[in-house]
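[1] I need the structure of the sequence given here:
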Amino acid sequence: MDIIQAIKKRYSTKEFDPTRKITKEDFEKVKTLLRLSPSSTNIQPWHFVITSSESGKKRVTKSTESSFPFNTTKILESSHVVIFCSRIDADDDFMKLVLEKEDADGRFADTEFKEMMHKGRSTFVNIHRNDLKDLNHWMQKQVYLNLGSFLLGVSALGLDALPMEGLDMQVLNKEFGLNEQGYTAVCAVALGYHRESDFNASLPKSRLSENDIITIID
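    As a prediction, this is how the structure comes out:
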């Protein structure tokens with residue numbers, strides 16, 4: 001699918017068809033999209049909890065019971081749900097994990113380049129940890145970079161999606177033991193195929209004009 005066609009096709013699905021499920025082949029592509037997202041300094045401070053079972057989706061809907069009941073049916077009738085999680089900290093063990101994976105994947109032609117990469121990434125982490133004191137927020141920004149590319153990617157696969165912040169993240173953290181694993185829930189995406197009755201599928205997109213958002217400097 002052409003990239004412009006994919007982004008024009010993408011919209012927030014309001015009604016999923018519970019009879020249609022994502023194929024195993026497409027699910028492998030969904031996981032690949034999550035893995036290959038860009039992030040600042042390639043830090044990849046994320047984790048994803050994915051479920052397609054009825055029991056798993058019901059566990060996710062515990063986060064909608066108090067304040068967000070309008071998302072309950074959307075989760076239950078979707079094919080898959082992805083919970084996007086951010087790391088709570090980028091400790092030495094995690095930084096080493098990323099660095100050694102880069103090394104194993106052939107990113108460094110020389111040990112010197114490996115050391116430079118580690119120093120550069122550590123510099124950014126320490127700026128946000130010690131100077132700006134917003135390390136958690138900075139890592140969550142990286143998760144949203146992933147979310148943006150993910151939504152475009154699944155649209156290109158012909159899948160429908162609904163990104164959701166209307167969830168109680170603390171409930172998700174507790175239900176899936178995320179904090180104990182070093183993560184916190186940030187948002188979730190329901191995936192599948194829309195019902196023909198989904199009103200939002202036929203509405204025109206509304207975006208600010210080029211003149212409102214783009215400045216061209218000659």
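[2] which residues of the chain fall in helices?
    For the chain, the helices defined by DSSP state H occupy 3-9, 24-35, 54-61, 72-77, 92-104, 111-126, 135-156, 169-175, 210-213.
[3] would you turn the ones you listed into TSV with mean pLDDT and mean neighbour count?
    For the C-beta atoms, the positions are set from N, CA and C on the backbone; glycine is no exception. Compiled in TSV, these are given as follows (pLDDT from 0 to 100; neighbours: other C-beta atoms under 10 Å):
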stretch	mean pLDDT	mean neighbour count
helix 3-9	96	12
helix 24-35	98	14
helix 54-61	98	16
helix 72-77	98	19
helix 92-104	98	13
helix 111-126	98	14
helix 135-156	98	18
helix 169-175	98	17
helix 210-213	98	8
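[4] Just put those helices in CSV and tack on distance to Gly192.
    Output for the helices of the chain, formatted as CSV (distance: least, C-beta to C-beta, whole Å):
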stretch, distance to Gly192
helix 3-9, 15
helix 24-35, 11
helix 54-61, 11
helix 72-77, 8
helix 92-104, 32
helix 111-126, 36
helix 135-156, 10
helix 169-175, 20
helix 210-213, 31
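[5] and of these, who's closest to Ser86?
    Closest of those to Ser86 is helix 135-156, at 4.6 Å (criterion: C-beta to C-beta).
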